[in-house]
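Q: Based on what follows, work out the 3D shape:
(one chain, ligands or ions: 2)
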Amino acid sequence: MLRSAARPNAIARRSAIVRLRALCAPALPREGSMGTHFRNSPSSHPLGVPKRIERVVAKGEWVNPTHNHVWSEEELDKVLSTQPRHQPETFAERVVNSTLKGVYWMFNKVTGYRAADPTPDSVAFRLIFLESIAGVPGMIAAQHRHFRSLRHMDRDYGWIHTLLEEAENERMHLLTFMKTFPPGPVTRSIVFVTQFGFAAIFASMYILSPRVAHRTVGYIEEMAVVTYCNVIDIMRTPGTQLHTAWGSMPAPEIAKTYWRLREDADMLEVFKQIAADETNHRDVNHTFASMARTDPNPYVGKHHKDANQCHTFWHEKATEGKDVDYLMNPVQRPKTAAS
Ligand SMILES: [Fe+2]
Ligand SMILES: [Fe+2]
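A: Ligands and ions are numbered 1, 2, ... in the order given. Below is the predicted model of the structure:
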């Protein structure tokens with residue numbers, strides 16, 4: 001009787017010890033879970049998925065799957081000929097506008113930026129740093145509206161896509177400048193640390209007042225337009241440091257693909273596309289700042305048009321003799337009877 005009563009306890013003890021040993025043993029990766037990812041292993045994918053896109057590996061470029069606007073010469077002349085400024089009306093707008101002007105003045109002093117004839121280094125730092133910040137608001141605003149839509153089981157009224165497109169557009173500005181003006185460790189460290197502070201401030205601002213947050217971005221974009229138009233003017237002026245350093249600089253591949261530029265495009269054309277993008281961010285954010293949260297996004301039709309133009313361009317490029325597809329791979333054409 002005693003022996004039979006003790007047996008279940010002994011079995012329970014043994015199984016507890018086995019479980020404890022299993023917990024303490026070094027974890028062995030199970031096939032498909034903790035093992036080396038197939039992309040980094042010598043084996044081939046069971047479904048034949050290619051590990052890499054060879055063209056991307058070789059040249060680092062492919063067609064960005066988002067659809068950005070490519071500005072025509074007429075559009076560039078129009079949007080870059082004037083620099084409208086929003087006049088603050090509310091108390092919050094006046095505070096934000098004055099604060100940004102103070103920060104802008106301080107930033108110019110600290111970075112040694114002289115608008116009349118800036119050094120290439122001061123402009124390069126400015127571009128990398130400011131574009132790394134400019135990509136934050138669109139993503140935070142889109143994320144905020146996305147989660148709100150899920151949380152309240154409510155529609156977004158079409159804003160999210162525009163905000164995501166803005167964030168991606170700013171990131172592509174940054175990646176373009178990374179190719180032309182590679183940053184050193186100091187710039188990288190400043191960008192890394194700044195993102196934490198700015199993202200936290202902007203997220204808080206968006207929670208408290210999306211209108212003020214969009215208005216703030218609108219004011220920042222006004223300043224970006226002023227800076228880019230100034231850089232463009234100086235690059236065109238013989239005798240300036242920017243004209244000497246960047247006047248005949250070719251556009252990097254990433255920019256030629258993103259803005260669908262000619263093969264021989266130069267950096268001045270890239271700057272004009274970027275400046276025009278900033279005018280769009282300015283107008284979009286000032287518009288959103290003046291709208292109710294439940295107003296439908298007026299830019300939806302523009303995105304469809306841009307997507308259509310993008311697909312048409314790459315389709316024609318692949319089918320009308322230009323011979324590259326969306327991954328910039330040569331198009332394999334079927335041989336005709338005549339050939
Ligand atoms: Fe930008
Ligand atoms: Fe911008």
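
Q: Are whichever helix or strand residue 121 is part of and ligand 1 in contact anywhere?
A: In this assignment (DSSP states H and E), residue 121 forms part of helix 120-152. Yes. Contact of helix 120-152 with ligand 1 (C-beta under 5 Å from the ion) involves 131, 134. Where C-beta positions appear, they are placed from N, C-alpha and C, glycine not excepted.

Q: what about the residue lying closest to residue 119 once chain neighbours are set aside, distance to residue 118?
A: Excluding the flanking residues, the one nearest residue 119 by C-beta to C-beta, 6 or more residues apart in numbering is residue 241, at 5.6 Å. Residue 241 sits at a distance of 7 Å from residue 118 (criterion: C-beta to C-beta, to the nearest Å).

Q: which one of those two has more residues nearby?
A: Legend: neighbour count by other C-beta atoms under 10 Å for residue 241 and residue 118, higher for residue 118 (22 against 17).

Q: tell me the SS of the more buried one?
A: Classification of residue 118 by DSSP: H, G, I helix; E, B strand; the rest coil places it in coil.

Q: so it sits right up against residue 243, yeah?
A: No. With contacts counted by C-beta atoms under 8 Å, residue 118 stays clear of residue 243, the gap being 11.5 Å.

Q: Mind listing the shared neighbours of those two?
A: Residues within reach of residue 118 and of residue 243 at once, by C-beta atoms under 8 Å, 6 or more residues apart in numbering, are residue 234.

Q: tell me which parts of the chain are close to ligand 1?
A: Counting by C-beta under 5 Å from the ion, the chain sits next to ligand 1 at 131, 134, 170, 173.

Q: now the residues you listed as a markdown table including pLDDT and neighbour count?
A: Listed next are the residues of the chain next to ligand 1 as a markdown table, based on pLDDT from 0 to 100; neighbours: other C-beta atoms under 10 Å:
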| residue | pLDDT | neighbour count |
| --- | --- | --- |
| 131 | 97 | 21 |
| 134 | 97 | 24 |
| 170 | 98 | 26 |
| 173 | 97 | 26 |
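
Q: Of those, which is the nearest to residue 100?
A: The closest of the residues of the chain next to ligand 1 to residue 100 turns out to be residue 134 (C-beta to C-beta; 13.3 Å).

Q: hang on, isn't the closest one packed against residue 220?
A: Yes. Using C-beta under 8 Å, residue 134 makes contact with residue 220 at a distance of 7.3 Å.
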